[in-house]
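*Asks:* Okay, sequence plus prediction incoming.
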Amino acid sequence: MPKIVSPVHSGLKTLMDGALLIETLERVAELRGDPAELVYTHLFEAYPDYEALFVMDQDGGVRGTMLSACFDCIIGLAEKSTMPLLILEAAQLQHDAYDLQGEDLSSMFTAIRDAFRDVLSNEWSQRHEETWHEALLALQEISRKAANQPL
Ligand code: HEM
């Protein structure tokens, strides 16, 4: 039975299965190890202009740190903590120079979901689809809120 989750401060009520989000992260780590390359392939396919922003990131270090901040948001959402809002508020400031705000940032979470769907392949169920859809909506909402609520 899925638990009612209300992402903190988002005001959004959703029937989201936080345990399945964590389970997906763990399963991706088992099957793929580091999914960074696949996540950024999805991001740059959807938004080709973003690739040039990382031209200085020769060793992938910035992309790795950014991805792990996104994973912390997903874990925080699953655990109903205030972490996603705090991380996304900080990210708003950090990305201001690139003119990336609010929902622009949440496109990373869509790329992560798409990469995870690829990795899980035929293990990806309707329940995964619904849970991740709910998670993306919640993260979009929190990103929007963070954009209007500077630190
Ligand atoms: C489409 C969405 C995003 C794009 C295009 C993007 C782009 C970038 C770029 C170009 C940098 C390098 C900044 C620099 O070195 O000056 C960066 C760094 C960073 N981003 Fe993002 N970002 C996105 C979403 C996010 C999100 C959602 C988070 C947090 C949840 C995040 C967290 C970070 C962090 C923590 C860094 C610093 C990494 C480091 O210095 O090692 N980003 N991002």
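*Replies:* That came in fine, so what should we check first?

*Asks:* Give me the pLDDT for Val5.
*Replies:* The per-residue pLDDT reported for Val5 equals 45.

*Asks:* who are the neighbours of the helix or strand Glu37 falls within, in terms of helices and strands?
*Replies:* Glu37 belongs to helix 36-46 when assigned by DSSP states H and E. Helix 36-46 makes packing contacts with helix 61-78, helix 103-120 when contacts are defined by 3 or more C-beta pairs under 8 Å, 6 or more residues apart in numbering; DSSP states H and E. (Glycine included, C-beta is placed from N, CA and C.)

*Asks:* how much does it deviate in direction from helix 61-78?
*Replies:* Direction vectors for helix 36-46 and helix 61-78, defined by axes from the mean of the first three to the mean of the last three C-alpha atoms, to 10 degrees, enclose an angle of 90 degrees.

*Asks:* Residues in contact with helix 36-46: which ones?
*Replies:* Under the contact criterion C-beta atoms under 8 Å, 6 or more residues apart in numbering, helix 36-46 has outside partners 32, 50-51, 54, 60, 63-64, 67, 107-108, 110-112, 114-115, 118-119.

*Asks:* Try it again at 6 Å.
*Replies:* Contacts of helix 36-46 with the rest of the structure, by C-beta atoms under 6 Å, 6 or more residues apart in numbering, involve Tyr50, Glu51, Arg63, Gly64, Leu67, Ala111, Ile112, Asp114, Ala115.
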